[in-house]
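**Q** Turn this into a model:
(2 chains)
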There are 2 protein chains.
Amino acid sequence: MKIAIAQLNFHIGNFDGNVEKMLRSVADAKAQGADLVCFSELATCGYPPRDFLEFDDFLHLAEEAIARLARAAQGIAIVVGSPSRNPVVEGKDLYNSVYFLQDGQVRQVQHKTLLPTYDIFDEYRYFEPASSWQTVEFKGHRIALTVCEDIWNIGNENPLYTVCPLDEMMPEKPDLILNVSASPFAYDHADKRIEVLRANVDRYGIPLFYVNHCGAQTELIFDGGSLVMSPDGTVFDELPFFEECLRLYELEEVRKGGGTHRLQPRDKIALIHDAIVMGVRDYFGKLGFGKAIIGLSGGIDSAVVAALTARALGPENVRVLLMPSQFSSEHSVADARELARNINLQYDLIPIEPVYDAFMEALRPHFWAYPFNIAEENLQARARGVLLMAFSNKLGHILLNTTNKSEMAVGYGTLYGDLCGGLSVIGDVYKTEVYELARYINKDGELIPENIITKPPSAELRPNQKDTDSLPEYDLLDQILFQYIEKHQSPQDIVEMGFDEALVRRVLRLVNINEFKRYQTAPVLRVSPKAFGMGRRMPIVGKYLA
Amino acid sequence: MKIAIAQLNFHIGNFDGNVEKMLRSVADAKAQGADLVCFSELATCGYPPRDFLEFDDFLHLAEEAIARLARAAQGIAIVVGSPSRNPVVEGKDLYNSVYFLQDGQVRQVQHKTLLPTYDIFDEYRYFEPASSWQTVEFKGHRIALTVCEDIWNIGNENPLYTVCPLDEMMPEKPDLILNVSASPFAYDHADKRIEVLRANVDRYGIPLFYVNHCGAQTELIFDGGSLVMSPDGTVFDELPFFEECLRLYELEEVRKGGGTHRLQPRDKIALIHDAIVMGVRDYFGKLGFGKAIIGLSGGIDSAVVAALTARALGPENVRVLLMPSQFSSEHSVADARELARNINLQYDLIPIEPVYDAFMEALRPHFWAYPFNIAEENLQARARGVLLMAFSNKLGHILLNTTNKSEMAVGYGTLYGDLCGGLSVIGDVYKTEVYELARYINKDGELIPENIITKPPSAELRPNQKDTDSLPEYDLLDQILFQYIEKHQSPQDIVEMGFDEALVRRVLRLVNINEFKRYQTAPVLRVSPKAFGMGRRMPIVGKYLA
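**A** Numbers count the residues shown, from 1 in each chain, chains lettered A, B, ... in the order given. This next block holds a predicted model:
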């Protein structure tokens, strides 16, 4: 039996687009002699559809999509994820289901059992878990259909669920497992997937086909990397990361295995780079926008964002503004200009001093008795935000946010100033990782000027300011942040690792009291296991470590 | 047996403050002869603690709080909600529990069974549902302990769960039900609670004591309104809305009932008014801020926000800025000034034309070939935002956002302009309801000048602009929005109600394509059953009705 895996990029709510894309893959797979073609989780409506699932009309469109796909299941079977309705009055109204379409009809529907409801996942918000399980017989094979998390409750020290759906299916003796997934990227996720698949294959001794979604949905990046695993635990194939792809496999060959893992390289920084490029490209493409505007300060963050965006959209679609103030150093403009020339970006120079002076003049009757403070610093950042948004509104370009994760964490950024922008490109990348990204971007030749990488970071909002005036060195700060944000360590735990107690308390307090800023910041492209945004939900008004 | 209900205002993560407040109520109840005192759900840590629950250190503080309360349970029993750990390795690591503390010890812990995971609730994100149930024997009575949603699966047409925990407890023949809750306000919620309590009392025939949280936690407003219901379904007592309160009840008297419902008035607009006043007051109080800054345009929205904030914080703690432009009508400044005088607010006048001109001058080399459009309109709104934030930063006042729900819905507002602010005060109040609020605020005398209420609404960002230039009349718009946002109706359904199809399609499209603006807007005080924010989670990059 020949099984085709279709790793495709879907668009939430774009039923026609998604179905037409699948129909092309069905035709393609059929032409190549496939008996069965597999798509990913909730492929009809895109993942995650979020509260669109509460609209009956939206569900009706998903049902129509399944009907169209079923009609195409002639001479080939189709496995595809889509929501389905729960006919029982008690419990949630929907299931997250995988459909088996054959001979023009819906032959079987298996519901998802394990509903991830943590981090960025909200599935129990919408779905009832499955309470019955049945395999599908097809061409002399018995297939266990599963949806994403259904295979993730095996091989963990601290399993999240009390059921294993495959255990429930084993009495029917399936001889292969199909798993339709929408499993988002994080820099450590590709290896975790292989561990989980192997735990399943070890337990059940049959081949496993894992079909992932590939494409970005606002902040969530689905990296593809679909997998075929043989019963001996070898990776028979790993589909490309960050690319659509259709591949066919002869089941008998997969069953044989062979001991050679066909894995792609998984360098952390390279993966983050590719993930962000896809994240930016899909954000624009799926919103129907083509061009970006970015403020270039001469610092490392905006340089990296400009370089990544140029790769995502093409340099001809990226315009940058250089907006020096009286506090800007000479190298800032020179460095920014050099960068723009290196990557062929159209740049404009707008000194902000006249605008700043106009604000200061308007405020003088009210502020004359107060010393220069954060208010005047923020004025500069906000004047730049207004200018960037004026370009955005005038030209129809989307402004991109250039704040990094370290700044987001401690609130080192101006709300409605440098925190402006429709998408936070590197908001899940710590400052120390931003430097690594810059080096990676330069690996085939200097695009980001060396001086941008080596000079001490500064917001340049007052004379001779440096980030280290108010923050610890980033290599120290990022370690503390990582232990708190990614690892959920307590202040005591972090101090015991050897960090200064007063510093730890100060940093954790900064993280917690700046939740109000993060609440109003753009969606952040998620590249780590714990990003700011929908996967980290914190009270604003709270007193813990604050 | 005398039962005390303590309806208190807790603060998330403020364990010391919460415990001390409870200890005062314990002493008070004991002095009044209570045998038992009841606090609300997750009272130790405050509700909702959100992802703080993922921190072991936070849970440890909750356990310490329970230990302190247990030591105080001498000569009085204490019923209180707090998280507890799940000792079983499979499943979520926590329970949402109600503790029964007696004789200095934790005598029993009952876990919550029904975990709301919809709208603003995320409980299955953290908690494992209970799988065993036991009543508590105390002073010759058998008490069924339940947590909030546990009693909400009775009497619904479409129950969300397949279990009823009280059904499981009935074999032990309890003679009263205690329910510890954190049930947030919506203008229609007080009556819904009574229906639900009555469905329980009808089914089980025993008295029900329902203890609600009272106080605002950022966007969520808990209105109190705790209830005591007799077995005959009469409301024996309803505790005040929006106030802390401790009251004692003799169980035997509650059991008798009597047929007289002791209910407070529940006028929708009055409740919304009181809810917002508490919401603003707690936002400031719990963050440790005392003063607000508000931009007064002369329009109805900012007028209502200023009046409500003056009630919440005292007029001496509210400062307003009047920032006319060349497009402002004469009455705008006059009306705003009259309002400020009526409610005794300190006001400052800052014409924005010089700042606007400085921006236009800075942009002229780039924009000269383009006609005046949304970019210049937004410049004005953003110049005002920058000035307001300068005051906020200079004086340490919190800027309040004045956008209403109708504008939020269709994106009629400028990101980083009039959408600035730490808290959206009326973002869950439709424009037509804002007028009702204004009338209500004026009920004992004109505070909001009549001209503000009667003149046609205008953003005044271009000459002679009116809202109706680009939007339908608000009474029409709000009906369409209500059907889509609150009622989840499809475009076809709404058209069938008699609205113009092109208009319906246009309005729904505006709602969906403006998700990116709402994503970056301040938390919205929730007063309706469906507010923007954490209770409505929509894709930004999507194609449904967009």
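
**Q** any idea how far residue A:15 lies from chain B?
**A** 8 Å (Cβ to the nearest Cβ, to the nearest Å). No exception for glycine: its C-beta is placed from N, CA and C like everyone else's.

**Q** Hmm, that residue is touching residue A:60, no?
**A** No - Residue A:15 is beyond contact range of residue A:60, at 10.0 Å (criterion: Cβ atoms under 8 Å).

**Q** The two: which has the busier surroundings?
**A** Applying other Cβ atoms under 10 Å in any protein chain shown to residue A:15 and residue A:60 shows that residue A:15 carries more neighbours, namely 24 against 13.

**Q** With adjacent residues omitted, what lies nearest to the residue in the stretch 401-546 of chain A that chain B sits nearest to?
**A** Taking Cβ to the nearest Cβ as the measure, the stretch 401-546 of chain A has residue A:544 as its residue closest to chain B, at 3.0 Å. Among residues not flanking residue A:544 along the chain, residue B:13 sits closest, at 3.0 Å (Cβ to Cβ, 6 or more residues apart in numbering or on different chains).

**Q** and the gap between the residue of the stretch 401-546 of chain A closest to chain B and residue B:152?
**A** To residue B:152, residue A:544 is 29 Å away according to Cβ to Cβ, to the nearest Å.

**Q** Repeat that for residue A:512.
**A** With Cβ to Cβ as the criterion, residue A:512 and residue B:152 are 32 Å apart.

**Q** and those two? which has more neighbours close in?
**A** residue B:152 (24 against 20).

**Q** tell me the phi and psi of that one?
**A** Residue B:152 has phi and psi values of phi -100, psi 10 when expressed as degrees, to the nearest 10.

**Q** again, but for the one 4 residues further on
**A** Summarising the backbone geometry of residue B:156 under the convention degrees, to the nearest 10, its torsions are phi -100, psi 150.

**Q** quick one: low-confidence ranges for the stretch 101-250 of chain A?
**A** Regions of the stretch 101-250 of chain A meeting the criterion pLDDT under 70 are absent.

**Q** Alongside chain B, which residues does it contribute?
**A** Selection of the stretch 101-250 of chain A residues close to chain B by Cβ under 8 Å from any Cβ of the partner chain yields A:117-118, A:122, A:124-125, A:157-162, A:216-218.

**Q** let's see 7 Å
**A** Contacts of the stretch 101-250 of chain A with chain B, taken as Cβ under 7 Å from any Cβ of the partner chain, map to A:117-118, A:122, A:124-125, A:158-162, A:217-218.

**Q** Repeat that for the stretch 251-400 of chain A.
**A** Going by Cβ under 7 Å from any Cβ, the residues of the stretch 251-400 of chain A near chain B are A:283, A:286-287, A:348, A:350, A:354-355, A:358-359, A:361-363, A:366-367, A:370, A:374-375, A:378-379, A:382-383, A:385-387, A:389-390, A:393-394.

**Q** Point me to the residue of the stretch 51-200 of chain A nearest chain B.
**A** Counting by Cβ to the nearest Cβ, the stretch 51-200 of chain A gets nearest to chain B through residue A:57 (3.4 Å).

**Q** Surely that residue is in a helix?
**A** Yes - assessed by DSSP: H, G, I helix; E, B strand; the rest coil, residue A:57 belongs to a helix.

**Q** Neighbours of it, how many?
**A** 15.

**Q** How about residue A:131?
**A** For residue A:131, the count of nearby residues is 12 (other Cβ under 10 Å).

**Q** for the stretch 401-546 of chain A, what spans make up the helices?
**A** For the stretch 401-546 of chain A, the helices defined by DSSP state H, counting those that start in this stretch cover A:405-410, A:431-441, A:450-454, A:474-485, A:491-496, A:501-513, A:515-519.

**Q** Of those helices, which stretch is the most buried?
**A** helix A:405-410 (a mean of 26; mean count of other Cβ atoms under 10 Å in any protein chain shown).

**Q** That one - contacts with which helices or strands?
**A** Here helix A:405-410 touches helix A:474-485, helix A:501-513, going by 3 or more Cβ pairs under 7 Å, 6 or more residues apart in numbering or on different chains; DSSP states H and E.
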